[in-house]
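A.B. asks: okay, predicted coordinates and the sequence, questions at the end:
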Amino acid sequence: MRWNKVYYGRVSTEQDQQTSSINNQQFRAEELGIEKIYSDRESATSVDRDGFKKMLHDAGLDIKIVKNKKEEKLVVMKSDREPQFKYIYCRSLSRFSRNIIDSISIIRELREKGVYCIFEAENISTEFLANEFLLSLHSSLAQQESETISQRVKSGNLITAKKGRLRSFFNYGYKRVDDHLEIIEEEAEVVRLIYKLKIEEKLGNRRIAKRLNELGYKTRNNKNWSESSVHNIVRNPIYYGAIVRNKYDCNSLFGNNSVKLKNEDEWIITESDKVPQIISKETYDLAQKQIKSFSNSSAKRGVNLGYTEFSGKIKCHKCGANYSRNINSCTRRVYYNCTTKKKKGVKYCDAKNIYLDTIDNSIKEYLGDGYRKAVEGTLNKVLFRSIDKRIKELNLSKDNDSTK
C-alpha cells in the first residue's frame with residue numbers, strides 16, 4: 001500500500017473563483033498530511049472524470065463508461081489488484097458525485113476492497129455500516145440541489161430570451177462585437193446563396209451542400225458543407241434579425257445528456273436591433289414555405305423507397321451486422337449505425353456511428369480522379385454500346401413499311 005490516505009478535490013468550471021476553490025481543497029489535503037491528491041474540473045453529474053476514474057483504478061476497481069443516446073453510466077467492478085490506499089478524504093459528498101445511484105454503488109464496491117470515504121462537511125465515514133442511511137440521505141439532498149440549480153438556470157434563460165438579450169453566438173455570417181452582432185460579408189454572401197438555391201431552384205439541403213462544395217465554398221472551420229450545416233442556416237430566424245431561444249430541450253442531469261428539438265410553436269423568437277438582417281423576413285418565410293411544400297409533396301425527390309444507396313454495403317467490424325440509415329432529430333444530419341447496437345444497445349455492440357458526408361468524402365478522396373474515369377468508362381462500355389446497337393437496328397428497318 002503506497003499511501004494510507006488520499007484526497008479527492010473537484011470544481012465545476014475553469015473560472016477564477018473555482019480555481020481558488022480547488023486551491024483551498026489542496027491546502028486542506030496538506031493540512032491533513034495527505035501527499036496524493038486526485039482532482040477534476042468537471043461537473044459532478046458527469047461520471048466520465050479523469051481524476052475520479054484514476055482514483056477508482058488505484059483503489060483496485062475496474063472501470064467502464066457505458067454510453068448511449070439517453071444515458072452515461074460508470075460501471076465499477078472489483079479486480080485482482082490491491083488498493084494503493086485505505087482512506088479517501090473529500091470535502092463533501094457533492095464534490096464526490098451528485099448522482100445518488102452512482103455514489104452508493106461506488107462506495108459499496110470501495111468498501112468491499114477495504115477502501116473507505118470520509119466526507120468532512122457531512123462528518124460521515126463509510127467505514128461504519130451504520131452511516132449508510134445518512135449517506136443515502138445526503139446523496140439525495142445533493143442530487144436535489146443539482147436539479148434545483150438546473151431548473152433555476154432554465155428559468156433565467158427564458159426571461160432573458162423574452163427580453164431579446166444576446167448570449168453566446170457563433171452563427172455563420174456573424175461576429176459578436178460587445179452587446180450586438182455584425183455581419184461578416186463574405187459569409188453573408190453564402191447565406192444569401194443558400195436561400196436563393198432553396199427558393200428559386202427548389203433544391204434540397206444535400207444538393208445545396210453539394211453545389212456549395214463544387215463552387216469551392218468552405219464552412220468557417222474550413223470544411224466541406226454538409227446537409228446538416230445547410231439545414232441549420234435555412235431554419236434559423238437569426239438571418240432576418242431575430243433571436244431564437246427555447247429551441248432545444250436539454251437534459252444534462254445525472255449523465256443523461258439528451259438534446260431534443262422542441263416544436264416550433266414553443267420557440268421564443270424576438271426581433272432585435274442588435275442583430276442586422278442578412279436576408280429579409282419575406283425571404284425566410286418563402287424558404288420555410290418551400291421546405292414545407294417539399295416535405296408534403298408525394299412526388300418529392302428522395303422519397304423513402306425502403307432502402308438507401310448504402311443498403312447492405314456497410315458491415316459492422318465488431319459483430320458483422322449491417323449498418324442502417326438514420327437522421328439526427330436535432331441537426332438533421334444523416335448517419336449510419338450498427339443494427340445490433342440500434343436494437344439492443346451498446347452492451348451488445350459499441351461500434352461507432354458513421355456520418356453520410358464522411359462516407360461520401362472518403363469515397364471521393366479514395367477514388368480521386370478515378371471517380372470521373374469510372375463514370376465515363378461505364379458510359380462508354382454500357383450506355384454507348386447499347387445506343388450503337390439501337391441505331392443499327394433502326395437503320396436496318398428504316399426503309400421497311402412499318403409504323404414502328
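C.D. replies: It's in. Numbers count the residues shown, from 1 in each chain.

A.B. asks: the nearest residue to residue 96 once chain neighbours are set aside: neighbour count?
C.D. replies: Excluding the flanking residues, the one nearest residue 96 by Cβ to Cβ, 6 or more residues apart in numbering is residue 90, at 5.0 Å. Where C-beta positions appear, they are placed from N, C-alpha and C, glycine not excepted. When counting by other Cβ atoms under 10 Å, one arrives at 23 neighbours for residue 90.

A.B. asks: just residue 311 next, same as before
C.D. replies: 14.

A.B. asks: separation between it and residue 32?
C.D. replies: To residue 32, residue 311 is 62 Å away according to Cβ to Cβ, to the nearest Å.

A.B. asks: I'd assumed residue 122 was in contact with the residue nearest to residue 96.
C.D. replies: No: counting by Cβ atoms under 8 Å, residue 122 is not a contact partner of residue 90; they are 9.7 Å apart.

A.B. asks: how about the residue nearest to residue 96, phi and psi?
C.D. replies: Residue 90 adopts backbone torsions of phi -150, psi 140, taken as degrees, to the nearest 10.

A.B. asks: let me know the pLDDT of it.
C.D. replies: Looking at residue 90, its pLDDT reads 92.

A.B. asks: which residues are in contact with it?
C.D. replies: 7-9, 96, 117-120 (Cβ atoms under 8 Å, 6 or more residues apart in numbering).

A.B. asks: which strand residues bridge it?
C.D. replies: Note on residue 90: beta-bridge partners residue 8, residue 119, judged by DSSP bridges.

A.B. asks: so how far is residue 210 from it?
C.D. replies: For residue 90, the distance to residue 210 - Cβ to Cβ - is 54 Å.

A.B. asks: where exactly do the strands run in the stretch 301-404 of the chain?
C.D. replies: For the stretch 301-404 of the chain, the strands defined by DSSP state E, counting those that start in this stretch cover 323-327, 334-338, 354-355.

A.B. asks: the shortest one: partners in the sheet, and parallel or antiparallel?
C.D. replies: Meaning strand 354-355. strand 334-338 (antiparallel).

A.B. asks: buried set for the partner strand?
C.D. replies: Neighbour counts using 16 or more other Cβ atoms under 10 Å place 334-338 of strand 334-338 among the buried residues.

A.B. asks: give me the angle between it and strand 323-327.
C.D. replies: 140 degrees (axes from the mean of the first three to the mean of the last three Cα atoms, to 10 degrees).

A.B. asks: give me the contacts around strand 334-338.
C.D. replies: Outside strand 334-338, the residues that touch it by Cβ under 8 Å, 6+ apart are 227-228, 310, 314, 316, 318-319, 321, 323-328, 349, 351, 353-357, 359.

A.B. asks: pLDDT of it, averaged?
C.D. replies: Across strand 334-338, the average pLDDT comes to 90.

A.B. asks: likewise for stretch 63-81?
C.D. replies: Across stretch 63-81, pLDDT averages out at 76.

A.B. asks: end to end on that stretch, go ahead and measure it.
C.D. replies: 13 Å (Cα to Cα, to the nearest Å).

A.B. asks: buried residues in it?
C.D. replies: Using 16+ other Cβ under 10 Å as the test for burial, stretch 63-81 gives 63, 72-76.

A.B. asks: if we can go back for a sec, when you filter the contacts of residue 90 down to buried only, what's left?
C.D. replies: In these, the ones that pass as buried (16+ other Cβ under 10 Å) are 7-9, 96, 117-119.

A.B. asks: where are the low-confidence patches of the stretch 201-350 of the chain?
C.D. replies: 246-262, 264-266, 295-309, 329-330 (pLDDT under 70).
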